[in-house]
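[1] I'd like to go over a predicted model; first the sequence, then the structure.
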Amino acid sequence: MTTYHEGLDHNPHDIDDAGHRPVAVHGGTGLGTASLVLGICSIAAGWLVVAPLIGLVLGMKSRHREPLARGRSLWGIILNGACLTVWIVLGLIMLAAIIFGAINK
């Protein structure tokens, strides 16, 4: 009885002693992808502060944990940071207008 599986090129390094192929495992790219998607949705849909803040945190975590998602996490950080900056500036403008309006009454 042979330990080779159908379809293998019969290289003894392709299978282990139990007759199984080794599986390549990588870290994944879920956090970076989620950060990028939240960044795109935040810009496109004008989501409030919560989604860009979550996307920014996910992007920063992804930069350290997922080497395969560095580009996605960088773009997620950029997009979420830009959206968060816009919301903070708009909030400060609205707050200044309310305070200035109350002073001028």
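    On my side now, so go ahead.
[2] now do the helices in this protein.
    30-45, 50-65, 70-103 (DSSP state H).
[3] make a markdown table from those helices and add mean neighbour count and mean pLDDT to it.
    Using the backbone N, CA and C atoms, a C-beta is placed for each residue, glycine as well. Below are the helices of the chain laid out as a markdown table (neighbours: other CB atoms under 10 Å; pLDDT from 0 to 100):
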| stretch | mean neighbour count | mean pLDDT |
| --- | --- | --- |
| helix 30-45 | 20 | 90 |
| helix 50-65 | 19 | 91 |
| helix 70-103 | 15 | 92 |
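[4] now do the contacts for the closest residue to L68 other than its chain neighbours.
    Nearest residue to L68 in three dimensions, chain neighbours excluded: T29, at 5.3 Å (CB to CB, 6 or more residues apart in numbering). The contact partners of T29, by CB atoms under 8 Å, 6 or more residues apart in numbering, come to 62, 66, 68-69, 72.
[5] and of those, the nearest to I98?
    Nearest to I98 out of the contacts of T29 is S62 (CB to CB; 37.5 Å).
[6] residues near V49, how many?
    13 (other CB atoms under 10 Å).
[7] contacting residues around it?
    By CB under 8 Å, 6+ apart, V49 lies in contact with 84, 87-88.
[8] hmm, 7 Å instead?
    By CB atoms under 7 Å, 6 or more residues apart in numbering, the contact set of V49 is 84, 87.
[9] for S35, what are its contacts?
    55, 58-59, 62, 72-73, 76-77, 80.
[10] again, 8 Å this time
    Counting by CB under 8 Å, 6+ apart, S35 has contacts 55-56, 58-59, 62, 72-73, 76-77, 80.
[11] please tell me how far it sits from V49.
    Distance from S35 to V49, counting by CB to CB, to the nearest Å: 16 Å.
[12] A69 touches L58, doesn't it?
    No. The criterion here is CB atoms under 8 Å, and A69 misses it with L58 at 10.2 Å.
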